[in-house]
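S.K.: Sequence first, predicted coordinates after that:
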Amino acid sequence: MKIKSIVITHWLMVLAGLNMAQPVTIHGHFPKASGETVYLIGYTDYLSQKEKVWAQEILDKDGHFTLQVNLQHTSPLFLEIAFYRCSFFAPPGSSWYFSSDEFHVIENGNPLLPQSVLPCKIKGPNSDSLWRLIDSQISKFVDTAAYEIYLKRNTALLDSLLHRILNARVEDEFFRTNIPFYLATLYPTAHLPIGISSLQEIKHDYTSWFFYLWLEDYLTKTLTRENPLSAQSHLTRSLVKAVNKDENLDTIKMLIKTQFQIEDPFLSDLLTLTALKIFYKTPIFQNKSVLKLIKQMPAHSSYQAIASMAENLVQRFTAYAPGTKSPDFKVLTTKGDTLDTQKLKGRPFYMVFARQHCSTCLNSLELLRPLYQRYKDRVEIISFFTSHDTLSEARFTGRMNYPWPVSVVGRNYDFLRAFQAYSLPLEIFINENGEIIAWPAYRPGEGLEAILEKMLASPSTPRRSPIQRKE
């Protein structure tokens with residue numbers, strides 16, 4: 001069977017509806033986290049890796065919860081409580097049980113990092129246990145063999161590991177189909193799965209998380225690491241010109257198609273879109289030009305799956321770009337007043353996410369005091385304190401007597417997620433129309449006053465003002 005027919009048939013089934021989906025049920029018990037919200041998070045697609053909350057529920061007084069989602073294929077999911085996460089692979093029709101008698105939400109980093117591990121026991125399908133075991137073994141292997149593999153480029157140890165795993169008597173079909181793609185990413189150079197000599201030979205389910213991980217790894221190594229910008233690299237020079245100067249999608253598509261000798265139209269479109277995602281993160285390519293090209297993909301491709309992935313990539317890359325609409329919110333201040341986006345429209349507002357145990361946050365807020373007195377009639381300043389210990393934060397902000405509105409949002413996870421307020425301090429500037437001017441914005445002492453003077457002297461807030469703080 002040809003790749004094209006497999007791909008088209010699969011996506012027709014996906015687009016036909018949820019009649020082929022099967023429920024995945026997740027139960028849990030975290031007695032010391034009662035009252036917290038538990039989230040089930042997945043990806044809209046595996047290329048953009050744009051996250052989406054698929055289900056959520058508040059743990060009852062005894063710490064129990066039940067979540068359910070319909071899946072058409074095995075998917076990577078995250079169970080999240082207070083930004084502590086646990087990842088797992090859920091086959092359609094599977095049932096799960098997560099539990100911990102000890103877990104309770106404590107002060108969690110700076111302040112709430114999605115990478116924080118949710119410690120718990122997991123009871124689920126054997127396939128998930130198999131992946132966890134293999135992942136653990138590979139991590140230990142790479143720790144001990146990294147010098148030989150990545151510095152000395154001696155892959156003999158890696159070849160031996162690969163053959164041992166592939167020859168193991170594992171009956172799980174999903175594992176046997178996907179493990180070659182996972183293992184290929186471990187090589188220091190672009191590496192095809194064992195038994196495959198060209199991309200055109202790959203006959204694979206394009207709904208596989210591991211396939212997309214491998215594809216991005218393979219193209220990253222081929223197009224950027226192994227083809228540096230030099231006089232000898234015709235491919236890289238041609239790609240840079242096509243992206244940065246011509247902004248020509250057809251040229252890029254032809255260059256990639258020729259490079260990898262691809263005939264299948266779906267695979268050609270997928271490689272082009274994946275390459276554009278890689279280019280967006282590569283300094284020699286201009287981000288604005290790459291975004292323009294990604295935006296052209298839906299019109300250039302006859303596949304709805306490609307169009308959806310391109311749209312999700314654009315949304316992910318531009319979610320907080322200048323000119324985009326700010327997420328709506330409604331929160332209470334420490335004085336009991338309501339702050340929401342509708343009431344704030346009409347003049348710019350400057351948001352600061354902070355916490356009492358972050359010295360950089362507190363220094364930044366102190367430097368805001370004189371600016372507040374100078375600009376309070378023209379710019380609204382709001383600070384949001386994000387510690388999970390909301391009572392302590394409220395007492396602290398009361399002692400500090402900040403002259404602007406203060407809201408304690410440490411347990412408002414939807415609000416923190418909407419603004420991606422994970423790393424502090426975070427400053428966001430929003431104009432009078434509710435559009436983001438800068439995320440992150442300049443801080444006091446970094447030129448904020450000059451930016452305010454320039455902005456307020458103009459008849460309207462310019463979208464292209466260079467006030468985005470560089471990380």
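M.R.: Structure received. Every value quoted in this text rests on a predicted model; they were computed, and no experiment measured them.

S.K.: Check which residues of stretch 395-405 are buried.
M.R.: By neighbour count with 16 or more other C-beta atoms under 10 Å, stretch 395-405 contains the buried residues 396-397, 402, 404-405. The C-beta positions use only the backbone N, C-alpha and C, and glycine is treated the same way.

S.K.: Please enumerate residues in contact with it?
M.R.: 333-335, 337, 339, 356, 365, 368-369, 372-373, 376, 380-383, 385, 406, 408 (C-beta atoms under 8 Å, 6 or more residues apart in numbering).

S.K.: Return the members of those residues classed as buried.
M.R.: Buried among those (16+ other C-beta under 10 Å): 333-334, 339, 356, 365, 368, 372, 380-383, 385, 406, 408.

S.K.: in the stretch 101-250 of the chain, what spans have low per-residue confidence?
M.R.: Scanning the stretch 101-250 of the chain for pLDDT under 70 picks out 106-115, 204, 228-232.

S.K.: what ranges do the strands span in it?
M.R.: Counting by DSSP state E, counting those that start in this stretch, the stretch 101-250 of the chain has strands at residues 121-123.

S.K.: quick revisit: among the contacts of stretch 395-405, which lie within helices?
M.R.: 365, 368-369, 372-373 (DSSP state H).

S.K.: circling back to that earlier point, which one of the buried ones among the contacts of stretch 395-405 is nearest to residue 29?
M.R.: residue 408 (28.6 Å; C-beta to C-beta).

S.K.: Now for that closest one: which residues touch it?
M.R.: When contacts are taken as C-beta under 8 Å, 6+ apart, residue 408 is in contact with 334, 384-385, 387, 390, 393-394, 397.

S.K.: Max pairwise distance over these: which two?
M.R.: Spanning the widest gap among those are 334 and 387, at 13.3 Å by C-beta to C-beta.

S.K.: Including pLDDT, could the ones in helices among the contacts of stretch 395-405 go into CSV?
M.R.: Below are those laid out as CSV (pLDDT from 0 to 100):
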residue, pLDDT
365, 94
368, 93
369, 94
372, 91
373, 92
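
S.K.: Show me which pair in the residues you listed is furthest apart.
M.R.: Checking these with C-beta to C-beta, the most distant pair is 365 and 373, at 13.8 Å.

S.K.: Buried residues of the helix ranked longest in the chain, list them for me.
M.R.: In the chain, assigned by DSSP H, the helix with the most residues is helix 126-146. Buried residues in helix 126-146, counted by 16+ other C-beta under 10 Å: 127-128, 130-131, 134, 138, 145.

S.K.: can you give me the strands in the stretch 351-471 of the chain?
M.R.: With DSSP E, counting those that start in this stretch applied, the stretch 351-471 of the chain shows strands at 380-385, 406-408, 426-430, 436-438, listed in chain order.

S.K.: among those strands, which is nearest residue 168?
M.R.: That would be strand 426-430 among those, by C-beta to C-beta, at 46.3 Å.

S.K.: name the helices or strands packed onto the closest one?
M.R.: Judged by 3 or more C-beta pairs under 8 Å, 6 or more residues apart in numbering; DSSP states H and E, the packing partners of strand 426-430 are strand 349-354, strand 436-438.

S.K.: In JSON lines: those strands, plus distance to residue 25 and mean pLDDT.
M.R.: Converted to JSON lines, these look like this (distance: least, C-beta to C-beta, whole Å; pLDDT from 0 to 100):
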{"stretch": "strand 349-354", "distance to residue 25": "36", "mean pLDDT": "93"}
{"stretch": "strand 436-438", "distance to residue 25": "39", "mean pLDDT": "90"}
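
S.K.: ok so, going back, go through the strands of the stretch 351-471 of the chain and name the closest to residue 167.
M.R.: Closest to residue 167 of these, according to C-beta to C-beta: strand 426-430, at 49.5 Å.

S.K.: Residues touching that closest one, excluding its own?
M.R.: Outside strand 426-430, the residues that touch it by C-beta under 8 Å, 6+ apart are 320, 326, 344, 348-353, 364, 419-420, 436-443, 467, 469.

S.K.: Put the buried members of those into a PyMOL selection.
M.R.: Of the contacts of strand 426-430, the buried ones go into a single PyMOL selection, burial set by 16+ other C-beta under 10 Å:
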select buried, resi 320+326+344+348+349+350+351+352+353+364+419+420+436+437+438+439+440+441+442+443+467+469
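
S.K.: For the helix or strand harbouring residue 80, which strands pair with it and how are they oriented?
M.R.: Using DSSP states H and E, residue 80 sits in strand 75-81. When sheet partners are counted by DSSP bridges, strand 75-81 sits next to strand 37-43 (antiparallel), strand 84-90 (antiparallel).

S.K.: Quick one: closest of these to residue 160.
M.R.: Closest approach to residue 160 among the strands paired with strand 75-81 is made by strand 84-90 (26.0 Å; C-beta to C-beta).

S.K.: List of residues touching that closest one?
M.R.: Under the criterion C-beta under 8 Å, 6+ apart, residues 24, 41, 71, 74-80, 96, 98, 103, 105, 108, 114-120, 122, 124, 127-128, 131, 209 lie in contact with strand 84-90.

S.K.: Let me know the angle separating it from helix 126-146.
M.R.: With axes from the mean of the first three to the mean of the last three C-alpha atoms, to 10 degrees as the basis, strand 84-90 and helix 126-146 are set at 110 degrees to each other.

S.K.: Tell me, how many residues neighbour residue 457?
M.R.: Residues near residue 457, counting by other C-beta atoms under 10 Å, number 7.
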